[in-house]
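# just need the structure, nothing else, for what follows:
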Amino acid sequence: MDTNNKKTEKRLLVEFKKIKKVFTTETVETRALDNINLTIEQGEYLSITGPSGCGKSTLLSLLGLLDTSSEGDYYLAGHQVANLSRDERAKIRNKEIGFIFQAFNLISDLTVAENIELPLSYRDDISKQERNTMVRESLKKVDMLHRENHFPSQLSGGQQQRVAIARAISGNPSIILADEPTGNLDSKNAQRIMALLDELHHEGATICMVTHDPRSATRAQRMIEVFDGKIVLDQSTDKLSAIAV
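Now for the predicted structure:
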């Protein structure tokens, strides 16, 4: 087997085709996203930047199947997902997408292990024994196995975010979506979280991260800038292939 060719094979994981998102009230129509075309390959690490209100959080919500587009097509791992029912989206989201939030979003009255196991418990393709194994393996990856029986209130902010990352990766998702993952952390813990994301990427994870921090953004392989609902820049972070859209 030619291992070099195997390493270069890439699967198209995400494809947005002419995606639009419009929010309408009685008097105002706001175009949050306007004709977005975007592809993400398996194993890529990209960051999404832009000023507040530019549409980047809306873009991440659509990627994560937390919302639906007004127009356009969304293909996730080759499957059209833009027009699925709410239940169908929830099922795919739980299996294919791992989320990391700025506010950690851990449930206070569940232990660390229980927080990680909860989303796995909704999947009928995973047994209880398999869930236990997946929880422990994900905690080992973020060096938090020794805290599995603690509650979120007993952890520092950095520790809570590491648990949140363990929860995101526990189900072996196709893509990890991180929304300002260092936004609630001091600089030391922020560096640790970014180093952990780097490590996950080197292990093969596909990561898409929204961030205001230019230092975090340039740690990704590829940086996308959004302005007024449009992708205005899509470039590799080594500055070799800047493309104005």
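
# the residue nearest to the spatial centre of the chain in helix, strand or coil?
When CA atoms, centre = their mean is applied to the chain, the residue found nearest the centroid is residue 177 (0.5 Å). When classified by DSSP: H, G, I helix; E, B strand; the rest coil, residue 177 comes out as strand.

# show me what contacts the residue nearest to residue 142 when sequence neighbours are not counted?
Of all residues not flanking residue 142 in the chain, residue 162 sits nearest, at 4.2 Å (CB to CB, 6 or more residues apart in numbering). For every residue, glycine as well, the C-beta is placed using N, CA and C. Counting by CB atoms under 8 Å, 6 or more residues apart in numbering, residue 162 makes contact with 142, 143, 144, 192, 193, 196.

# which one of those residues is nearest to residue 185?
Residue 185 lies nearest to residue 193 out of those, by CB to CB, at 6.4 Å.

# before we go further, that closest one is sitting in a helix, right?
Yes - using three-state DSSP, the assignment for residue 193 is a helix.

# can you give me the neighbour number for it?
22 (other CB atoms under 10 Å).

# from residue 216, how far out is it?
Between residue 193 and residue 216 the computed distance is 9 Å (CB to CB, to the nearest Å).

# which residues of this protein fall in helices?
Assigned helices in the chain, in chain order: 3-8, 56-63, 86-96, 112-121, 128-141, 157-169, 187-202, 214-217 (criterion: DSSP state H).

# quick one: the third one to chain centroid distance?
Mean-position distance between helix 86-96 and its chain equals 15 Å (CA atoms, centre = their mean, to the nearest Å).

# can you list contacts of that helix?
Residues outside helix 86-96 that contact it (CB under 8 Å, 6+ apart) are 64-66, 68, 76-77, 79, 81, 84, 119, 122-123, 125, 171, 173-175.

# please, a PyMOL command that selects the buried ones among the residues you listed?
A single PyMOL command is used to select the members of the contacts of helix 86-96 judged buried by 16 or more other CB atoms under 10 Å:
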select buried, resi 64+65+76+81+84+119+171+173+174+175
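
# export the contacts of residue 162 to TSV and append columns for distance to residue 27 and pLDDT.
Output for the contacts of residue 162, formatted as TSV (distance: CB to CB, whole Å; pLDDT from 0 to 100):
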residue	distance to residue 27	pLDDT
142	47	96
143	52	95
144	49	97
192	47	93
193	42	94
196	45	95
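
# of those residues, grab the buried ones for ChimeraX.
In ChimeraX syntax, the buried subset of the contacts of residue 162 is picked out as below (16+ other CB under 10 Å):
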select :142,144,192,193,196
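
# ok, of the contacts of residue 162, which one's closest to residue 231?
Distance to residue 231, by CB to CB, is smallest for residue 193 among those, at 25.7 Å.

# I figured the closest one hits residue 165, correct?
Yes - taking contacts as CB atoms under 8 Å, residue 193 lies within contact range of residue 165: 7.4 Å.

# contacting residues around the closest residue to residue 113 other than its chain neighbours?
Nearest residue to residue 113, sequence neighbours excluded (CB to CB, 6+ apart): residue 148, at 4.2 Å. By CB under 8 Å, 6+ apart, the contact set of residue 148 is 111, 112, 113, 135, 136, 139.

# just list whatever residues bridge to the residue lying closest to residue 206 once chain neighbours are set aside.
Among residues not flanking residue 206 along the chain, residue 175 sits closest, at 4.5 Å (CB to CB, 6+ apart). Beta bridges link residue 175 to residue 97 when assigned by DSSP bridges.
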